[in-house]
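the sequence and its predicted three-dimensional model are supplied below.
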Amino acid sequence: MNQLYQKYKPHYNANLKLAIPVVISQLGHTLVQLSDSIIVGHFAGTISLAAVSLVNSIFVIGMVLGLGISYGITPLIAQHNGKGNFAECGRLLSNSFFLNIISGVLLFVLIYFGSNLLMDQLDQTPAVVKEAKPFMLLLSLSIIPMLMFSTFKQFAEGLGFTKQAMMISIWGNILNICLGIIFVKGMFGIAPMGIRGVGYSTLIDRTLMAIVMGTYVFRSANFKKYLQNFVLTAIDKVRCMQLLRIGAPISLQYAFEISAFSAAAILMGQLGSVQQAAHQVAISMASLTYMMASGVSAAAAIKSGNHFGAKNYQELRASAMASYHIIILFMMFTALLFVVCNQWLPWIVTSDKSVIEVASHLLIIAAVFQLFDGTQVIGLGILRGMGDVNVPTFITFLAYWVIGLPLGYLLGIHLHFGPNGIWYGLVAGLGVASILLYLRFNKNTEKHLAA
């Protein structure tokens, strides 16, 4: 163990230094949803919490589709920065900003109007659907500023500047929680808004975050040499296609995984509002650990992009293995936390004892899939940095929609294992994705080293 540590120690230090701020800023998206669940669960009740679960299960698919497109710029920026091609970075930012504005508007239209039609057809509790619809309007509007923020965040992180997005995310989440409590409860002369309150707080928070992040990028001296060729109207087909060739498969990768969990939430709704609320409690906890792993994955993508651009494949492989080691240790810790604290963690979100009982069982299953969840997202990040996105996209589709979700439906609904059965299927999907992505990474790096 000591020899292993000494071998990878420089990479552990470098990767963690880059990853920790990314982890904290990545957590911002999930903490918004978790804080919404906590505020609604304690101040608005179980029906409202189930509505949050239903809305988030639909919205998150659009969110990761948009975020995936915005992530397309990061490996390209890292590779061009590794080559010393600074002028190209500004041109890529122009085109990325354009693509993200367009995708934000399109996703708002698709999410809001599509969800209104969809929710009435999903055999959900009518009271839950009634509460969900006004919340969906506000949340779907927030996707536009969220993608603007992500454009500048991914640009800065691709160049190795990660702390600023972290700080903006921290303050943004504090603001979101404060406004959410004020709006939901009705304080300082404001009438109680119920579930709509967290919708307004999220929209305000994401708008301010986009403004602050954009101001930082354009005014900081760190980016002057990169932004000399930034022209908002200089949009060209070649660079847009470059961004989409990486961003679109990343969108699908995230969408295949997240939509499987969203479909699981809808299946839970067929079992009842208590089961659906319990799923929201457990998935909120699991999403926190996933987004932390996703932050390490984003750092791994930047590092592998730098090494790949410099054609330093030995360092690429060593850095990638260090990222795997980090995430395995971290996810072992979170798995232990879920097992030991499975009875107490749900109290953070709700005080409904029937919801807590179901959620505590789901957290045990979440502990089982922690290692799989962490290692599969690391594999995706490393391969993304190398520009390998198409085969990993197929792997995620196979794992979640051919294996995981059908198995969960079979066990949970047809064989009457209930909520646990649905989550057993998700464990199987994550396991398949984790193994196949590692094999893909191993094959690719061996091929480059041999060449």
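Received, thanks.

look up the closest residue to residue 232, ignoring the ones flanking it.
If the residues on either side of it in the chain are set aside, residue 232 comes closest to residue 94, at 6.1 Å by CB to CB, 6 or more residues apart in numbering. Heads up, the C-betas are built off the backbone N, CA and C, glycines and all.

quick check, pLDDT for that neighbour.
Looking at residue 94, its pLDDT is 82.

distance of residue 96 relative to residue 103?
10 Å (CB to CB, to the nearest Å).

roughly how far is stretch 89-103 from the heart of the chain?
20 Å (CA atoms, centre = their mean, to the nearest Å).

give me the neighbour count for residue 328.
15 (other CB atoms under 10 Å).

and for residue 228?
13.

now do residue 109
Residue 109, neighbours per other CB under 10 Å, totals 11.

again, but for residue 340
By other CB under 10 Å, neighbour count at residue 340 equals 11.

need phi/psi at it.
phi -70, psi -40 (degrees, to the nearest 10).

and the spatially most distant residue from the centre of the chain, what's its pLDDT?
Of all residues in the chain, residue 189 has its C-alpha farthest from the mean position, at 35.7 Å, by CA atoms, centre = their mean. Per-residue pLDDT puts residue 189 at 72.

which SSE is the residue nearest to residue 232 in?
Using DSSP states H and E, the element containing residue 94 is helix 86-119.

just checking, what packs against that helix?
helix 46-71, helix 73-83, helix 126-141, helix 143-158, helix 237-271 (3 or more CB pairs under 8 Å, 6 or more residues apart in numbering; DSSP states H and E).

between the first one and helix 143-158, what angle do the directions make?
Taking axes from the mean of the first three to the mean of the last three CA atoms, to 10 degrees, helix 46-71 and helix 143-158 form an angle of 50 degrees between their directions.

which other helices and strands does helix 46-71 contact?
helix 2-43, helix 86-119, helix 126-141, helix 143-158, helix 195-219, helix 237-271, helix 273-309, helix 353-385.

mind checking which of the ones you listed is nearest residue 414?
Ranking the helices and strands packed on helix 46-71 by their distance to residue 414 (criterion: CB to CB) puts helix 237-271 first, at 11.1 Å.

residues in contact with the residue lying closest to residue 401 once chain neighbours are set aside?
Closest residue to residue 401 apart from its sequence neighbours, by CB to CB, 6+ apart: residue 256 at 6.0 Å. By CB atoms under 8 Å, 6 or more residues apart in numbering, the residues touching residue 256 are 393, 396, 397, 399, 400, 401.

the nearest residue to residue 352 once chain neighbours are set aside - how many residues pack around it?
Counting by CB to CB, 6+ apart, residue 352 lies nearest to residue 46, which is 5.0 Å off, once chain neighbours are set aside. Residue 46 has 20 neighbours, counted by other CB under 10 Å.

circling back: Serialize the helices and strands packed on helix 46-71 to TSV and add fields for distance to residue 337.
Formatted as TSV, the helices and strands packed on helix 46-71 follow (distance: least, CB to CB, whole Å):
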stretch	distance to residue 337
helix 2-43	15
helix 86-119	33
helix 126-141	29
helix 143-158	27
helix 195-219	26
helix 237-271	20
helix 273-309	9
helix 353-385	8
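
circling back to that earlier point, contact partners for the residue nearest to residue 352?
Residue 46 neighbours (CB under 8 Å, 6+ apart): 273, 274, 277, 350, 352, 355.

mind checking the SS state of the fourth one?
Using DSSP: H, G, I helix; E, B strand; the rest coil, the structure places residue 350 in coil.

okay but it is in contact with residue 356, surely?
Yes. Look at residue 350 against residue 356 with CB atoms under 8 Å: they come within range, at 6.6 Å.

counting neighbours, what do you get for residue 271?
17.

from the opening residue of stretch 184-204 to its closing one, how far?
Start-to-end span of stretch 184-204 (CA to CA, to the nearest Å) is 14 Å.

could I get the buried residue list for it?
Within stretch 184-204, the residues that count as buried by 16 or more other CB atoms under 10 Å are 184-185, 193-204.

circling back: give me the angle between the helix holding residue 94 and helix 237-271.
Inter-element angle recorded for helix 86-119 and helix 237-271: 30 degrees (by the same axes, to 10 degrees).

centre of the chain to helix 86-119, how far?
16 Å.

closest one to residue 166 among the helices and strands packed on helix 46-71?
Nearest of these (CB to CB): helix 2-43, 4.0 Å.

could you give the average pLDDT over the closest one?
Mean predicted confidence for helix 2-43 is 70.

cool, stretch 284-298 as well?
81.

again, but for stretch 443-451
80.

tilt between the host helix or strand of residue 442 and helix 273-309?
For residue 442, the host element (DSSP H and E) is helix 419-450. If you take the same axes, to 10 degrees, helix 419-450 sits at 0 degrees to helix 273-309.

quick one: helix 419-450 to helix 353-385, angle?
Going by the same axes, to 10 degrees, helix 419-450 makes 10 degrees with helix 353-385.

which helices and strands sit right next to helix 419-450?
helix 237-271, helix 273-309, helix 313-340, helix 353-385, helix 390-397, helix 405-409.

just want the angle from it to helix 313-340.
Going by the same axes, to 10 degrees, helix 419-450 makes 160 degrees with helix 313-340.

which positions within helix 419-450 qualify as buried?
Result for helix 419-450 [16+ other CB under 10 Å]: buried residues 419, 421-438, 440-441, 444-445.

burial of residue 140, as a residue count?
Residue 140, neighbours per other CB under 10 Å, totals 25.

could you do residue 231 as well?
Neighbour number of residue 231 under other CB under 10 Å is 12.

assign it to helix, strand or coil.
Quick answer, by three-state DSSP: residue 231 is coil.

quick one: it and residue 94 touch, right?
Yes. Under the criterion of CB under 8 Å, residue 231 makes contact with residue 94 at 5.8 Å.

roughly how far apart are the residue nearest to residue 352 and residue 335?
Distance from residue 46 to residue 335, by CB to CB: 28 Å.

ok, residue 14 touching residue 300?
No. Using CB under 8 Å, residue 14 makes no contact with residue 300, being 11.0 Å away.

neighbour-wise, which of those two wins?
Ranked by neighbour count (other CB under 10 Å), residue 14 and residue 300 place residue 300 first, with 30 against 14.

just checking, that one touches residue 380?
No. At 9.2 Å, residue 300 does not count as touching residue 380 under the criterion of CB under 8 Å.

rewinding a little: for the residue farthest from the centre of the chain, helix, strand, or coil?
Classified using three-state DSSP, residue 189 is coil.

that older thread, nearest to residue 173, of the helices and strands packed on helix 46-71?
That would be helix 2-43 among the helices and strands packed on helix 46-71, by CB to CB, at 4.8 Å.

hmm, back to that, wait, the residue nearest to residue 232 touches residue 230, no?
Yes. Applying CB under 8 Å as the test, residue 94 and residue 230 come out as touching, 5.4 Å apart.
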